[in-house]
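>>> Next comes the sequence, and after it the predicted model I'd like to discuss.
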Amino acid sequence: MSDEAAAQLATMGRNLDQAATGAKEFLETARIIAGLDLMITVDTSIAHLAGALDKPVWILLPDAHTDRRWLRGRSDSRRYGSARLYCQEALRTWDPVLRQVAADLEGETL
């Protein structure tokens, strides 16, 4: 991810890194997620936890040939009804993805 893309992503919300939250266990992380209106994350255990909790979660996926469980060419998830998927169209091109997330976030009523 470019420095510009990382900076843009950082302006979109709170830092939920373990060092910032103090969460030491998955249960603590689940409690933090439960208190959020929306989780924006990459494909990690946090994305799955938010989806399992049925919290709105926007998942940024690395490229068009991502993990097959997300199914290609979809913006929704069969596994998590609360998930919206944002996939790179080309490897290492986060800028268009982040622009779309920012535009969707502006239009979202949480």
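Okay, I see it. Residues are numbered from 1 along each chain as shown.
>>> Report pLDDT for Ala103.
Note on Ala103: pLDDT of 92.
>>> Can you give me the buried ones in the host helix or strand of it?
Taking DSSP states H and E as the definition, one finds Ala103 inside helix 95-107. Buried residues in helix 95-107, counting neighbours by 16 or more other Cβ atoms under 10 Å, are found at 97-98, 101. Every C-beta, even on glycine, is put in place using the N, C-alpha and C of the backbone.
>>> Helices of the protein, residue ranges please.
Along the chain, counting by DSSP state H, helices occupy 3-10, 18-21, 26-34, 45-52, 95-107.
>>> Nearest to Tyr80, out of those helices?
Taking Cβ to Cβ, helix 45-52 is the member of the helices of the chain nearest to Tyr80, at 2.9 Å.
>>> average pLDDT for that closest one?
For helix 45-52, the per-residue pLDDT averages 94.
>>> tell me the angle that helix makes with helix 26-34.
The directions of helix 45-52 and helix 26-34 differ by 60 degrees, with axes from the mean of the first three to the mean of the last three Cα atoms, to 10 degrees as the criterion.
>>> hang on, the earlier thing: can you add distance to Cys87 and give the helices of the chain back as JSON lines?
Output for these, formatted as JSON lines (distance: least, Cβ to Cβ, whole Å):
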{"stretch": "helix 3-10", "distance to Cys87": "15"}
{"stretch": "helix 18-21", "distance to Cys87": "26"}
{"stretch": "helix 26-34", "distance to Cys87": "22"}
{"stretch": "helix 45-52", "distance to Cys87": "13"}
{"stretch": "helix 95-107", "distance to Cys87": "7"}
